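K.L.:
Next one to model:
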Amino acid sequence: MELIQSLNLFDTELFLFFNGMHNSFFDGFMYAFTQIFVWIPLYASVIYLLIKTKKYDALWLILFLVLCIVICDQISSGLIKNTVQRLRPSHEPSLNGMVHLVNGYTGGRFGFVSSHAANTFGFALLSSLLIRNRNFAVMIVVWSLINCYSRVYLGVHYPFDIAGGLLVGTFAATVCYIALLKFKPEVLNIQADASLVRIPVFTFLLTVSGIIIYALLAIS
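P.N.:
Presented below is the predicted three-dimensional model:
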């Protein structure tokens, strides 16, 4: 029990440290970055890359990417959150007045583990295993990690919530990749043209540029 209390205290102090480092620009940037709909073009560009590279076999890859996100979401939101029932910092009475929130956003009641962290990292890890390209891997992992940090910045998750989500995402991506290796190994030999790989990378950079402009306009 003392160990759990010590870990919880450390997690809270770590959260307050990172959550306390805020300014008007990053309020807008992180709030926009964490929105799911903002990244629809990125998801679409990854699907386009897979279809152009693997044709009809891409259906298997897309199916398992979707399955990976479903597994992440069900384990994190459907199972762990309702079982552990750890309050988000934005709902923790003892932290009332100490948490920096943006636009009144508080999230749901329970936060362990982070679904955002699980879903984005699961997608990032599995897609980087399917699309063996260093530039793509760096881009998609950076995208996931900024998403993870945004949850702490916005005051809706503790760092340990994020760490738990990363573990769930790793588990789901690994299970899906092993399943593909076992049942459909022929679809894993992806050698995408460099010009195709640039599409999701460019989409990511364009979206981030739009978010930066949004954040700058919000403080002007």
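
K.L.:
Now do the contacts for the spatially closest residue to residue 133 that is not a sequence neighbour.
P.N.:
Distances taken as Cβ to Cβ, 6 or more residues apart in numbering put residue 197 closest to residue 133, at 4.8 Å, once the chain neighbours are dropped. All C-beta spots, glycine's among them, are computed from the backbone N, C-alpha and C. Contact partners of residue 197, counting by Cβ atoms under 8 Å, 6 or more residues apart in numbering, are 49, 131, 133, 135, 136.

K.L.:
can you give me the helices for this protein?
P.N.:
Assigned by DSSP state H, the chain shows helices spanning 2-19, 24-33, 40-54, 58-73, 81-84, 115-130, 134-153, 159-183, 194-219.

K.L.:
show me where pLDDT drops low in the chain?
P.N.:
1, 189 (pLDDT under 70).

K.L.:
can you give me phi and psi for residue 97?
P.N.:
phi 90, psi -10 (degrees, to the nearest 10).

K.L.:
That one: how many residues sit nearby?
P.N.:
4 (other Cβ atoms under 10 Å).

K.L.:
quick one: it from residue 104, how far?
P.N.:
Distance of residue 97 to residue 104, given as Cβ to Cβ, to the nearest Å: 15 Å.

K.L.:
ok, residue 18 - contacts?
P.N.:
Shown in contact with residue 18 (Cβ under 8 Å, 6+ apart): 149, 152, 153, 159.

K.L.:
now, which of those sits nearest residue 34?
P.N.:
Checking the contacts of residue 18 against residue 34 by Cβ to Cβ gives residue 153 as the nearest, at 8.6 Å.

K.L.:
Verify the stated contact: the closest one with residue 22.
P.N.:
Yes. In this structure, residue 153 is within contact of residue 22 by Cβ atoms under 8 Å, at 6.6 Å.

K.L.:
neighbour count winner among the two?
P.N.:
More crowded of residue 153 and residue 22, by other Cβ under 10 Å: residue 153, with 24 against 16.

K.L.:
Nearest spatial neighbour of that one, chain-adjacent residues omitted?
P.N.:
Closest to residue 153 by Cβ to Cβ, 6+ apart is residue 30, at 4.6 Å.

K.L.:
cool, residue 42 as well?
P.N.:
Nearest residue to residue 42, sequence neighbours excluded (Cβ to Cβ, 6+ apart): residue 203, at 5.2 Å.

K.L.:
repeat for residue 24
P.N.:
In space, residue 24 is closest to residue 219, 4.3 Å off (Cβ to Cβ, 6+ apart).

K.L.:
same check, this time on residue 28
P.N.:
residue 215 (3.5 Å).

K.L.:
could you measure residue 12 against residue 188, distance?
P.N.:
43 Å.

K.L.:
Same check on residue 135?
P.N.:
Following Cβ to Cβ, the distance that separates residue 135 from residue 188 is 19 Å.

K.L.:
Which of these two has more residues huddled nearby?
P.N.:
Counted by other Cβ under 10 Å, residue 135 and residue 188 do not tie: residue 188 has more neighbours, with 16 against 13.
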